[in-house]
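**Q** predicted model and sequence follow; I will ask about them next.
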Amino acid sequence: MPKIIIDGKEVECRAGISVLQAALDAGWNIPHYCYHPGLKVVASCRLCLMEMKMPHPQTREPGWAPKLFPACQTPVRKGMEVRFDSDKVRENQKHVMEYYLLDHPLDCPVCDKAGECHLQDYSEQFGNATSRMVEDKHKNPKKDIGSHTLMYSDRCVLCTRCIRFCDEIAGTGELRKVNRGSRNEIDIFPGEPLENELQGNVVDLCPVGSLISKDFQYKQRVWMLNTARSVSPADSRGSTIWIDYNKQGVHRIRSRYNPQVNEWWISDEARFGWKYINSDKRLNTARIRRGVSWEAVGWEELPGILRDRFASADENATAAVLSPMMSCEEAWLLAKFIRQVAPRATLVRGYVPIEGEDKTFPKGFVIKAEKCPNRGGVEQIIAHFGGNSMDFDEFVKAAGAGRFKAAYVVGGYPKEWITEAHARAISKIEILVAHDLFPSLLDQHVAVQIPTASFAEREGSFVNCDGLLQPFERAISPLEGVKADGQFFHELAGEPGLFRAEKFRVSVAGELEMFAKVHVPPDEPKYAH
Amino acid sequence: MPYERVLMQNVGVPNSTSLQVYKAAGGYQGLVKAFGMKPGEVVDLVRQSNLRGRGGAGFPAGVKWGFLPIDREITYLCVNADESEPPTFCNRITIEHDPHMLLEGILIAGYATGSTVAYIYMRGEFMEQFHVLQKALDEAYQAGYFGKNILGSGYDLECYIHRGAGAYVCGEETGLIESLEGKRGQPRIKPPFPAIEGAFHKPTVVNNVETLACLPHILTRGLDWWLSLGTEASKGPKMYCISGPVNRPGCYEAPLGITVRELIYGDDFGGGMRDGKKVKGVFPGGLSVGVLRGDIFPKPPDGQVDPAKGYDELDCILDFDDPRHYGLLGLGTAAAVVIPEDVDIRDVLLNVTRFYSHESCGQCTQCREGTNWIYRIARRIQSGAGRSYDLDLIAELTENMGMMPGLSICGLPDGAVYPIRTLVQKFRAEFERHIAAQTPDAVAKTIKAINPAAYELPIQEGRALAHVGGSMQEIGDRL
């Protein structure tokens, strides 16, 4: 661990990183645009320039070198001394910030980035209140560059992060710089739009309002948003995400730094694939079948009804299907409930949706074919409870053969998952409880139908494909008429009080080791972006 | 004793581009001599000759070769024939009239550095020259000067000519390498320097055409001959270009160390100004080194150099060091362009700023935005709506660009800063005269027309006043 001196303070840092990263890690607010720890260094924004002590060419006496050095390009060396807190450095920052705004349209009032824009922040912190330019501004065009992305060239600071992302991480290289000098623009090749499965990341990467997500454009001012730490349910990779929400619901999803899993990136599926949580097709009433019609039941009556129904059935012919869309806590509680009412009940590993094959990108980012977040967790819990267990396919077969009389089937998939063959087989179960997000082919056969909450409305934890248990927070309240699954299963299993995922994990950590090893990714340094 | 031309010895000789004529004049003897030595001895010889790079920066070629790592597997030699500095055309003369001298230089440099592949990166506009050089290269290949086991020495060298697409910045060595690799021509961040990691991530030597053309002569004529030419720190012959309204514009060879006055007025060189005009100013080494005052200014009474005083500066010696005393960047390409007395200095500023604004690659913010901002200011000054403050602003902006203060990746903005700054400083009085002669409301009207928002801000003047001061005001007072 080399020690370096920044602004007269000794800082310990990891070996092999740049001075800029060391300073950011240690809490310095150093302006920078082109530097991103996940991308190659180009040292072109010239904002992070610093002064460095160097031996004098003749006397070998160490002193401040007359020129400035880019902190992003200078690796840390043991004992080196640099400073950012000097007139020379500040003078340069002032000039660069003035340059950035020369041709900027200053359209913050209609820009979606306003409020989280580093051009705004740095202008305020390091720049000038006014521009000395009286000449006409260049007006670079606004371009539609891809299915999810708009490019406002006039707001661009040409940090080239988006270009490097497409080259290095996505490996598709759709974006390029065209023209020279101040006519420089970032653009796509004619007829070759930005169409890779990670393209949403360029919007996160853009330090200014140049790359705008079509999905989020003109939806919300960012200062009206709260944010929750969550884990994407899109695939079994368990990419960590921020859910930006307010009282009107979820507005966007951004990637959350997680060095062990997804680093700074998420797939477009995770970023844009959450719209189903606002669908008006979602189930929103708990109800019981009475003959040919439905009767709504209150959530407070449900635990009693379910207990009675399952108690009346043959315990050998009872099953619970634990969906890999459930959190670990929910799966534990449901397994516990079913074993309370029927100690010999079968625990079924729920349906695992697979789409295509795993897709690996050049630098190792993976989009998993397994489109559920928690197969690993559910399997571990079923193994922990022991007794009878089976896979979903076996369950369908057994149900078709009339092996089960009562079953609690949990779904929660964003897409349709019950086929007609499934429905035909499962319909043989007399007491069928379906806990799902959307109406399905099972509906006409179920005795009790319970709506489930979406991932943004629940809290808990998922175990990803690598066995990491990652907690996620609740962002918004469940849809009206829906109860958060954790709380419902908590009551169903007869646990006292309110369900709190963290408290619950602590309470069962002694029984199942997985709950003790919670992986919480570190936050990025405050001034990194 | 009149000086005997060496670099231009075959210029004007009939059929000088053919191998036969070149060999008849003693061609490829330097190569034979080099093959008689060890590569390290050739490097030492070049280091002792203190052959400084002719491309502009004047870095000693032998030292540059010494930066190559010892345990390298492959070395590339890149020949910088992207001659794009505005009034410069000496490489063009070499390629057009004596391509084999360049090829021999390439072979010697390639042998000395252990290069196995040489790329000649040629300016995109050099169409005719490309065909001349390609023909000469084919001829040399046929005669066994390139390819495997050259002249039975066991040394192999392949040579390719690559044509650029016409970007000034590709004359910068890393920009050249990027362009050669087929990427967008923009300079790379350094370190690593090309000697460590250059073309295709392998050690690479980049040398200018004229630098390489000197090598055969160092070998055949010997170190003593070489060291007898030139001034103390600048040795050897140099091809000087002179353009503008002189009687004999063209390229002339002389030992390093002639003065600008000789170049303009000497009978062997420019032959004096056309129509007996006086010189207002001269860019002595390509545009990028900056401007010298001409003889419309009074002669310095004591003959002392002082760029801060408004005296005639034509006594500047064109070697690698003396131009620095006049506030210039260096020798540059030693291609002078003369501004006659009847040219409006505002037009000169506009032309200079337009060039750099157009050629900035757009990587570093200061250069990308700064050069264009200055161009826009120059355009307004030229249109008759300048402010005295604009001159201060231009001078301030030039202080905030360039590789020397560490603010950019390559030297292009340094090359932009020097001509612009020296123009504004040395000809400030003339700018001020033009500004004083404008109609009183010209500035207000123009600014209102082009940018109403800026005009509405009274803060402009306040800031303008606040920013006057520092070095520019002092210079203004002195003038």
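**A** Noted; the coordinates are in hand. Numbers count the residues shown, from 1 in each chain, chains lettered A, B, ... in the order given.
**Q** which stretches of the chain have low pLDDT?
**A** With no chain named, the answer covers chain A. The model of chain A has no residue with pLDDT under 70.
**Q** not quite, I wanted chain B
**A** In chain B (pLDDT under 70), the answer is B:1, B:453-479.
**Q** and it, what are its domains?
**A** B:19-228, B:237-340, B:345-478 (automatic domain parsing).
**Q** near chain B, which residues of chain A?
**A** Proximity of chain A to chain B (C-beta under 8 Å from any C-beta of the partner chain) is limited to residues A:41-47, A:49, A:66-70, A:73, A:91-92, A:95-96, A:99-100, A:102-103, A:130-137, A:157-158, A:176-177, A:179-184. For the C-beta atoms, the positions are set from N, CA and C on the backbone; glycine is no exception.
**Q** quick one: closest of the domains of chain B to residue A:461.
**A** Smallest distance to residue A:461 across the domains of chain B (C-beta to C-beta): 43.2 Å, for domain B:19-228.
**Q** can I get the domains of chain B in TSV including mean neighbour count?
**A** Converted to TSV, the domains of chain B look like this (neighbours: other C-beta atoms under 10 Å in any protein chain shown):
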stretch	mean neighbour count
domain B:19-228	20
domain B:237-340	20
domain B:345-478	20
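**Q** out of those domains, flag the one nearest chain A.
**A** Checking these against chain A by C-beta to the nearest C-beta gives domain B:345-478 as the closest, at 3.4 Å.
**Q** quick revisit: from the residues of chain A next to chain B, which land in helices?
**A** Taking DSSP state H, the ones among those that sit in helices are A:91, A:92, A:95, A:96, A:99, A:100.
**Q** residue A:297: how many residues sit nearby?
**A** By the criterion of other C-beta atoms under 10 Å in any protein chain shown, residue A:297 has 17 neighbours.
**Q** can you pull the contacts of it?
**A** Residue A:297 is in contact with A:286, A:287, A:288, A:305, counting by C-beta atoms under 8 Å, 6 or more residues apart in numbering or on different chains.
**Q** are any of the residues of chain A next to chain B buried, and if so which?
**A** A:41-47, A:49, A:67-70, A:73, A:92, A:95-96, A:99-100, A:102-103, A:131-135, A:137, A:157-158, A:176-177, A:180-184 (16 or more other C-beta atoms under 10 Å in any protein chain shown).
**Q** residue A:363: what's it in contact with?
**A** Residue A:363 neighbours (C-beta under 8 Å, 6+ apart): A:168, A:169, A:171.
**Q** next: residue B:323.
**A** Residue B:323 neighbours (C-beta under 8 Å, 6+ apart): B:284, B:285, B:289, B:290, B:316, B:317, B:329, B:330, B:331, B:332.
**Q** just residue B:411 next, same as before
**A** Contacts of residue B:411 (C-beta under 8 Å, 6+ apart): B:57, B:172, B:402, B:403.
**Q** hang on, the third one packs against residue B:410?
**A** Meaning residue B:402. No. Residue B:402 is beyond contact range of residue B:410, at 9.6 Å (criterion: C-beta atoms under 8 Å).
**Q** which residues in the stretch 201-350 of chain B form strands?
**A** Under the criterion DSSP state E, counting those that start in this stretch, the stretch 201-350 of chain B contains strands at B:204-208, B:237-243, B:250-255, B:279-283, B:292-293, B:335-340.
**Q** against chain B, how distant is the residue nearest to residue A:400 when sequence neighbours are not counted?
**A** The shortest distance from residue A:400 to any non-neighbouring residue, by C-beta to C-beta, 6 or more residues apart in numbering or on different chains, is to residue A:425 (3.3 Å). Distance of residue A:425 to chain B, computed by C-beta to the nearest C-beta, to the nearest Å: 60 Å.
**Q** tell me which residue is most central in chain A.
**A** residue A:241 (1.8 Å; C-alpha atoms, centre = their mean).
**Q** for that residue, what are phi and psi?
**A** Here is the backbone geometry of residue A:241 (degrees, to the nearest 10): phi -140, psi 160.
**Q** cool, and the one 10 residues further on?
**A** Residue A:251 adopts backbone torsions of phi -110, psi -30, taken as degrees, to the nearest 10.
**Q** what about it, neighbour count?
**A** With other C-beta under 10 Å as criterion, residue A:251 counts 16.
**Q** now do the contacts for it.
**A** Residues counted as contacts of residue A:251 (C-beta under 8 Å, 6+ apart) are A:216, A:219, A:220, A:225, A:244, A:245.
**Q** where does the third one sit: helix, strand or coil?
**A** Classification of residue A:220 by DSSP: H, G, I helix; E, B strand; the rest coil places it in coil.
**Q** which residues touch it?
**A** Neighbouring residues of residue A:220 by C-beta under 8 Å, 6+ apart: A:244, A:246, A:251.
**Q** between these, which sits nearest chain B?
**A** Distance to chain B, by C-beta to the nearest C-beta, is smallest for residue A:244 among those, at 30.3 Å.
**Q** quickly find the element holding residue A:462.
**A** Following DSSP states H and E, one finds residue A:462 within strand A:460-463.
**Q** list the helices and strands that strand packs on?
**A** Applying 3 or more C-beta pairs under 8 Å, 6 or more residues apart in numbering or on different chains; DSSP states H and E, we find strand A:460-463 packed against helix A:328-341, helix A:375-385, strand A:469-472, helix A:501-508.
**Q** quickly run through the sheet partners of it, with directions.
**A** When pairing is defined by DSSP bridges, strand A:460-463 lines up against strand A:469-472 (antiparallel).
**Q** residues near the residue nearest to residue A:64 when sequence neighbours are not counted, how many?
**A** Distances taken as C-beta to C-beta, 6+ apart place residue A:51 nearest to residue A:64, at 5.2 Å, with adjacent residues excluded. The tally of other residues near residue A:51 (other C-beta under 10 Å) stands at 23.
**Q** what's the helix or strand containing residue A:51 in contact with?
**A** If you go by DSSP H and E, residue A:51 is part of strand A:49-55. Contacts to strand A:49-55, defined as C-beta under 8 Å, 6+ apart, come from residues A:19, A:61-65, A:68-71, A:74, A:80-84, A:86, A:88-89, A:92-93, B:406-407.
**Q** neighbours around the nearest residue to residue A:278 once chain neighbours are set aside, how many?
**A** Nearest non-adjacent residue to residue A:278, counting by C-beta to C-beta, 6+ apart: residue A:249, 6.2 Å away. By the criterion of other C-beta under 10 Å, residue A:249 has 13 neighbours.
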